[in-house]
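Enquirer: What would the 3D arrangement of this be:
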Amino acid sequence: MQTIASCFFATFLSRSHWGRYAMLRTATYTEMIWINLCDAPGGPLVLIKNSLDYRINIVALFAYLIMGWCMQVLLVSGWIVRYMSWCKPDA
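Expert: You can find the predicted model right below:
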């Protein structure tokens, strides 16, 4: 049971999809503020200050949050497995 859960979290959630998606959204937002909208009133600095007005940046921050939770679950599950194997009575 633990092996299946840790493999699921390690391959699907923490490494592959959430990390790539968050990096893609962050890169897209960076491209948007520095290249596509560089002639906006106030320039890129105003866009950086108002970064939460853009949905793409909120999605990237949410993906980083989910990725962080998944990494914490992996860490805690590793501690639990080590602790449970350490506390087994000798038979």
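Enquirer: Show me what the top helix by length along the chain is packed against.
Expert: When the chain is scanned for its longest helix (criterion: DSSP state H), the result is helix 55-86. Secondary-structure packing of helix 55-86 (3 or more Cβ pairs under 8 Å, 6 or more residues apart in numbering; DSSP states H and E): helix 2-8, helix 18-31. Any C-beta I mention is one placed from the backbone N, CA and C, and that applies to glycine too.
Enquirer: taking the mean pLDDT, what do you get for it?
Expert: Regarding helix 55-86, the rounded mean pLDDT is 84.
Enquirer: what is the orientation angle of that helix with helix 18-31?
Expert: 150 degrees (axes from the mean of the first three to the mean of the last three Cα atoms, to 10 degrees).
Enquirer: So for helix 55-86, what gets flagged as buried?
Expert: 57, 59, 60, 63, 64, 66, 67, 70, 71, 74 (16 or more other Cβ atoms under 10 Å).
Enquirer: how about those in CSV, adding distance to residue 25?
Expert: Listed next are the buried residues of helix 55-86 as CSV, based on distance: Cβ to Cβ, whole Å:
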residue, distance to residue 25
57, 7
59, 5
60, 3
63, 6
64, 9
66, 12
67, 12
70, 17
71, 18
74, 22
